[in-house]
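K.L.:
Have a look; sequence and predicted model below, questions after that.
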Amino acid sequence: MGPSVMPTSSREGAPQPPPAISATGLRKSYGDKTVLDGIDLSVPAGSVFALLGPNGAGKTTTVKILTTLVSADGGQARIAGHDLTTEAQAVRAAIGVTGQFSAVDGLITGEENMRLMADLHHLPKREGRRVVAGLLERFDLTDAAKKPVSTYSGGMKRRLDIAMTLVGNPRIVFLDEPTTGLDPRSRHSMWQIVRELVSGGVTVFLTTQYLEEADELADRIAVLNDGRIAAEGTADELKRLVPGGHVRLRFTDPVAYENAASALRAPQRDDAALTLRIPSDGSQRALRLLLDRLDAAGVEAGELTVHTPDLDDVFFALTGEDGVPQQPKEATR
Amino acid sequence: MSSLALAVRDSSTMLRRTLLHTRRYPSLTLNLLLTPVMLLLLFVYVFGDVMSAGIGGGGADRSEYVAYLVPGILLLTIGSTTIGSAVSVAMDMTEGIIARFRTLAIHRGAVLIGHVVGSVLQCVMSVLLVGAVAVAVGFRTTDATAVEWLLAIGLLTLVSLALTWIAVGMGLSSPNPESASNAALPLMILPLLSSAFVPVDAMPGWFRPVAEYQPFTPAIETLRGLLLGTGIGHNGWLAVTWCLGLAVLGYLWSTSLFARDPK
């Protein structure tokens, strides 16, 4: 295990419900290649958990194990309170999975795909029809419902994929790289879908290689690198793991600027912009200390901003040079 | 839901999917019908006179050879149709939706059972179509009773079931549809090497074991006996044993292949 961060706020008193997903020591090798080298995970019910990592880190293998698709070589996991290996069918009944590659039947229509799912979830005919119509409407597929899926665009296929996953009203949804290969608009609509799921009380486990996506959606993030969890925590906690955070003070009055510069120890000066940069982890205590010093010196800054390192910094610091995702950096923005 | 009810319900859902594919894309099925129909026409209209002369010591007319030929063609039709099943299973396994099925709380065998039942129905349909062509070119049964008809249909269904399970195993063990089609080719070649076109007695001695020790010859002889009143002898039991053996083997092979972790 790499550095782990304790949650900063825990609800005291209220009994913690059992986690929706928990795993200890998951291992998997293919031949002599170790893909997962002892993974521990715990995902509270109703939260969004992001498994972030470069290609080949083992994200998809983790999802395949947790969704009963492949068996782990070692370790235990419980999903929705059921043991992964001994109660696989009960696990399957609780989850919905959208894999990395579209799990739709291209030879038949969107509506037929949905009906198929309704039947496999053993919904009564009328209820099945109602659920299918509702989901097609919700995912903006009603107009295309009678067309063969092979004619759908990438974004439409992905929406159908998610819609099929939701037919059984799963309480835990796994999304393996849900936005890879989608255009920005489709990506944002996918994010919206995830948020709606969570507001409906669903637990979402997603994998992504986009830092922005994990930052945007996830309550907690685990950085997976080379088959191990390199770090785990909220986006903010992870950002505090790496140096580079600072507080920036901007002044309009050159006198105040000079006073502040002498009151504070070793600020980086930008005399032209009347801006001081003070290394800081951005914590409440550090900020109070800074403000006390400014107060004592009797200066008031025109503007104060706290800069935490973004997830890019964290990601590159944790995964090293060869962990750089293959996408150009612009694509993650 | 009891596990049997679950199995029946999920398998029939999967069957509906298979049939939907067949109905939506009939070209694969129809292509596979071309070979048996072409062979039938070729052997009746082109080689017919020569073949007739070779049958029954040279005195036979063409209608007698048609009668001799058709049971073999019907079984060849089944072999040909199940090649299609191997291809569609292999094709299906490359689809992402199979992974989805594996993560659903459904009966584990439903996907394969759906394919198998669909394939058997397809075989029966194909046999009926080719049988209609056979009747059009002059095939007539000789006083087959209702029981013999039922037994003939039962035999054709049993052969379809046995070959389908083998074909499904071939489809599952193939990495792609092309290699599935190659792997399943023996299902089409074996009837060519059986007593479908000429009696085993008329073959060179070294070749006879190939024709004798394979499932198509006893099945063809049994079907001939049922439809044309020729002697069946031990061929009936032999055919049933071959079919049951192949069906069980194919079933065990296919289900163990499907139970493996997907790549």
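P.N.:
Ah, there it is. Numbering: from 1, shown residues only, chains lettered A, B, ... in the order given.
K.L.:
which residue lies farthest from the center of chain A?
P.N.:
A:Val255 (46.0 Å; Cα atoms, centre = their mean).
K.L.:
ok but it is inside a helix, no?
P.N.:
Yes: A:Val255 sits within a helix when classified using DSSP: H, G, I helix; E, B strand; the rest coil.
K.L.:
I'd like the distance between it and A:Thr275.
P.N.:
A:Val255 sits 15 Å away from A:Thr275, going by Cβ to Cβ, to the nearest Å. Yep, even glycine has a C-beta here, placed from its N, CA and C like the rest.
K.L.:
repeat for B:Thr142
P.N.:
B:Thr142 is 105 Å from A:Thr275, where distance means Cβ to Cβ.
K.L.:
Around chain A, pick out the residues from chain B.
P.N.:
Neighbours of chain A within chain B, by Cβ under 8 Å from any Cβ of the partner chain: B:1, B:9-10, B:13, B:16-17, B:20-21, B:24-25, B:95-97, B:99-106, B:261-262.
K.L.:
so what's whichever residue of the stretch 151-263 of chain B sits closest to chain A up against?
P.N.:
Taking Cβ to the nearest Cβ, chain A has its nearest neighbour within the stretch 151-263 of chain B at B:Asp261, 4.3 Å off. Residues in contact with B:Asp261 (Cβ atoms under 8 Å, 6 or more residues apart in numbering or on different chains) are A:69-71.
K.L.:
what does A:Gly168 give?
P.N.:
When contacts are counted by Cβ under 8 Å, 6+ apart, A:Gly168 touches A:93, A:96, A:117, A:121, B:104.
K.L.:
Cross-reference these with the strands and report the matches.
P.N.:
Residues of the contacts of A:Gly168 located in strands (DSSP state E): A:Gly96.
K.L.:
After the host helix or strand of B:Gly54, heading C-terminal, what element do we hit next?
P.N.:
Following DSSP states H and E, one finds B:Gly54 within helix B:48-54. Using DSSP H and E, the helix or strand that follows helix B:48-54 in sequence is helix B:62-93.
K.L.:
How about the contacts made by the residue minimising distance to the centre of chain B?
P.N.:
Central residue of chain B (Cα atoms, centre = their mean): B:Ile78, 2.4 Å from the mean position. Contacts for B:Ile78 were tallied using Cβ under 8 Å, 6+ apart; they are B:123, B:126-127, B:156, B:159-160, B:163.
K.L.:
Quick check: phi and psi on whichever residue of the stretch 101-250 of chain B sits closest to chain A?
P.N.:
Closest approach between the stretch 101-250 of chain B and chain A, counting by Cβ to the nearest Cβ: B:Ala105, at 4.0 Å. Here is the backbone geometry of B:Ala105 (degrees, to the nearest 10): phi -80, psi 60.
K.L.:
next one: A:Val43
P.N.:
The phi and psi values for A:Val43, taken as degrees, to the nearest 10, are phi -120, psi 110.
K.L.:
returning to that earlier point: how much space between the residue farthest from the centre of chain A and chain B?
P.N.:
For A:Val255, the distance to chain B equals 67 Å [Cβ to the nearest Cβ, to the nearest Å].
K.L.:
now the helices: where do they sit in chain A?
P.N.:
A:59-66, A:88-94, A:110-120, A:125-138, A:154-166, A:184-199, A:211-217, A:235-240, A:254-263, A:284-297, A:311-319 (DSSP state H).
K.L.:
orientation of the helix or strand encompassing B:Phe258 relative to helix B:62-93 in degrees?
P.N.:
Taking DSSP H and E as the criterion, B:Phe258 maps to helix B:235-259. Counting by axes from the mean of the first three to the mean of the last three Cα atoms, to 10 degrees, helix B:235-259 lies at 10 degrees to helix B:62-93.
K.L.:
re earlier: please list only the buried members of the contacts of A:Gly168.
P.N.:
Listed as buried from these are A:93, A:96, A:117, A:121, B:104; burial here means 16 or more other Cβ atoms under 10 Å in any protein chain shown.
K.L.:
before we move on, back to that, which residues does the residue of the stretch 101-250 of chain B closest to chain A contact?
P.N.:
By Cβ under 8 Å, 6+ apart, the residues touching B:Ala105 are A:89-90, A:92-93.
K.L.:
Go through the residues you listed and say which is closest to A:Ile229.
P.N.:
Nearest to A:Ile229 among these, counting by Cβ to Cβ, is A:Arg92 at 25.3 Å.
K.L.:
Leaving out sequence neighbours, find the closest residue to that closest one.
P.N.:
Counting by Cβ to Cβ, 6 or more residues apart in numbering or on different chains, B:Ala105 is the residue found nearest to A:Arg92 once chain neighbours are left out, at 4.1 Å.
K.L.:
Next one: that neighbour relative to A:Leu123, how far apart?
P.N.:
13 Å.
K.L.:
Then A:Ile95?
P.N.:
A:Ile95 is 17 Å from A:Leu123, by Cβ to Cβ.
K.L.:
who has more neighbours, those two?
P.N.:
Using other Cβ atoms under 10 Å in any protein chain shown as the criterion, A:Ile95 and A:Leu123 rank with A:Ile95 on top: 27 against 19.
K.L.:
Lowest mean pLDDT among the helices and strands, pick that one out for chain B.
P.N.:
Lowest mean confidence among the helices and strands of chain B (mean pLDDT, DSSP states H and E): helix B:48-54, at a mean of 78.
K.L.:
What distance do you get for the residue lying closest to B:Ile113 once chain neighbours are set aside to chain A?
P.N.:
Nearest-residue entry for B:Ile113: B:Ser11, 4.0 Å, with adjacent residues in sequence omitted and distances by Cβ to Cβ, 6+ apart. Computed as Cβ to the nearest Cβ, the B:Ser11 to chain A distance reads 11 Å.
K.L.:
Ramachandran coordinates for B:Ser11?
P.N.:
The phi/psi pair for B:Ser11 (degrees, to the nearest 10) reads phi -60, psi -40.
K.L.:
Let me know the pLDDT of residue 4.
P.N.:
Using chain A here. Note on A:Ser4: pLDDT of 49.
K.L.:
That was the other one, I meant chain B.
P.N.:
At B:Leu4, pLDDT is 89.
K.L.:
are any of the residues of chain B next to chain A buried, and which?
P.N.:
Buried residues within the residues of chain B next to chain A, counting neighbours by 16+ other Cβ under 10 Å: B:9-10, B:13, B:16-17, B:20-21, B:95-97, B:99-106.
K.L.:
Could you list the contact residues of chain A toward chain B?
P.N.:
Within reach of chain B by Cβ under 8 Å from any Cβ, chain A has these residues: A:67-71, A:89-90, A:92-93, A:95, A:97, A:99, A:101-108, A:112-113, A:116, A:119-122, A:148, A:164-165, A:168.
K.L.:
State the distance from the nearest residue to B:Ala196 once chain neighbours are set aside to B:Trp206.
P.N.:
Leaving aside its chain neighbours, B:Ala196 sits nearest to B:Gly72 (2.6 Å; criterion: Cβ to Cβ, 6+ apart). Distance of B:Gly72 to B:Trp206, given as Cβ to Cβ: 21 Å.
K.L.:
neighbour count winner among those two?
P.N.:
In terms of neighbours (other Cβ under 10 Å), B:Gly72 is the more surrounded of B:Gly72 and B:Trp206; the figures are 27 against 7.
K.L.:
unless I'm mixing things up, that one is touching B:Glu221, no?
P.N.:
No: assessed by Cβ atoms under 8 Å, B:Gly72 is found out of contact with B:Glu221, at 9.6 Å.
K.L.:
overlap in contacts of these two?
P.N.:
B:Ser195.
K.L.:
hang on, the earlier thing: counting neighbours, which of the contacts of B:Ala105 end up buried?
P.N.:
Among those, the ones that count as buried by 16+ other Cβ under 10 Å are A:90, A:92-93.
K.L.:
Pull up the per-residue confidence for residue 236.
P.N.:
Picking chain A for this. pLDDT, A:Asp236: 81.
K.L.:
The intended chain is chain B.
P.N.:
pLDDT for B:Gly236: 90.
K.L.:
That one and B:Arg224 touch, don't they?
P.N.:
No: the pair B:Gly236 / B:Arg224 is not scored as a contact, 11.2 Å apart, by Cβ under 8 Å.
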